[in-house]
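[1] following is a predicted model, sequence given first.
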Amino acid sequence: MHTYLSAKIYYHSGTGNSYRVARWVDGAAQAKDINSAVIPIESAEPERELVASRHQLAVLVFPTHGFTAPWKMICFALGLPAGKGAAAFCMATRGALKFGPVTIPGAAGTAALLIGLILLCKGYRLRGITAVDMPSNWMSLYGRIPRHTFPVGRSEPTGFSSVFWRGIPTGSPGPTSGTC
């Protein structure tokens, strides 16, 4: 049994949703006394930042684009150094809508699965993949709907830290699908 001593949280964000989730993951790590850093992939230096260690967790957070991962994140994952058994976790954000009490979840398609498969092929120990519902950015689809009708993902969900870290610090598989 082991715990993580550090976490590198790499994100790619266009509208801010993935950045917000990356900050939630950072907060969850800090709550567990794990030294963490939130790093945009545009300025990341994974060859220097990542250590092939069972005590470091690499987290990749990114939006779903066209029901898969954005090309920038695919290229970033392909360019990561060999994992050599290091732990990794993938989180795709997806657009959801909330109309009063009814939430229509987003569709992540192959987004997290594709990045997870790349990491597995590069030698990382995949600790989990998940999708997180955030506000949709398809404003042309529903631009006239009042903003208060879809407050999905505006603040950290209750229990996010416990859901994210369930089983991960001990090395057992964490959540693999669903929403937080």
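    Received, thanks.
[2] for this structure, give me the ranges with low pLDDT.
    Across the chain, residues meeting the criterion (pLDDT under 70) sit at 1-2, 137-180.
[3] so which strand or helix has the residue lying closest to residue 82 once chain neighbours are set aside?
    Leaving out its chain neighbours, the residue that sits closest to residue 82 by C-beta to C-beta, 6 or more residues apart in numbering is residue 123, at 5.0 Å. Any C-beta I mention is one placed from the backbone N, CA and C, and that applies to glycine too. Under the criterion DSSP states H and E, no helix or strand holds residue 123.
[4] look up how far residue 43 lies from the closest residue to residue 56 other than its chain neighbours.
    Excluding the flanking residues, the one nearest residue 56 by C-beta to C-beta, 6+ apart is residue 6, at 4.8 Å. Shown here: residue 6 relative to residue 43, a distance of 18 Å by C-beta to C-beta, to the nearest Å.
[5] likewise residue 61?
    For residue 61, the distance to residue 43 - C-beta to C-beta - is 15 Å.
[6] for these two, indicate the residue with more neighbours.
    Counting neighbours by other C-beta atoms under 10 Å for residue 61 and for residue 43 shows that residue 61 has the greater number, 29 against 6.
[7] so the more buried one, which of the three states?
    Secondary structure, DSSP: H, G, I helix; E, B strand; the rest coil: residue 61 is strand.
[8] what are the bridge partners for residue 57, then?
    Beta-bridge partners of residue 57, counted by DSSP bridges, are residue 7, residue 87.
[9] burial count for it?
    For residue 57, the tally of surrounding residues (other C-beta under 10 Å) stands at 25.
[10] residue contacts, it?
    By C-beta atoms under 8 Å, 6 or more residues apart in numbering, residue 57 lies in contact with 4, 6, 7, 8, 34, 87, 88, 89, 127, 168.
[11] let's see 10 Å
    By C-beta atoms under 10 Å, 6 or more residues apart in numbering, the residues touching residue 57 are 3-9, 25, 29, 34, 36, 86-89, 125, 127, 168-169.
[12] what about the strands in this structure?
    6-11, 35-40, 56-63, 87-99, 102-104, 125-135 (DSSP state E).
[13] all good on my end, thank you.
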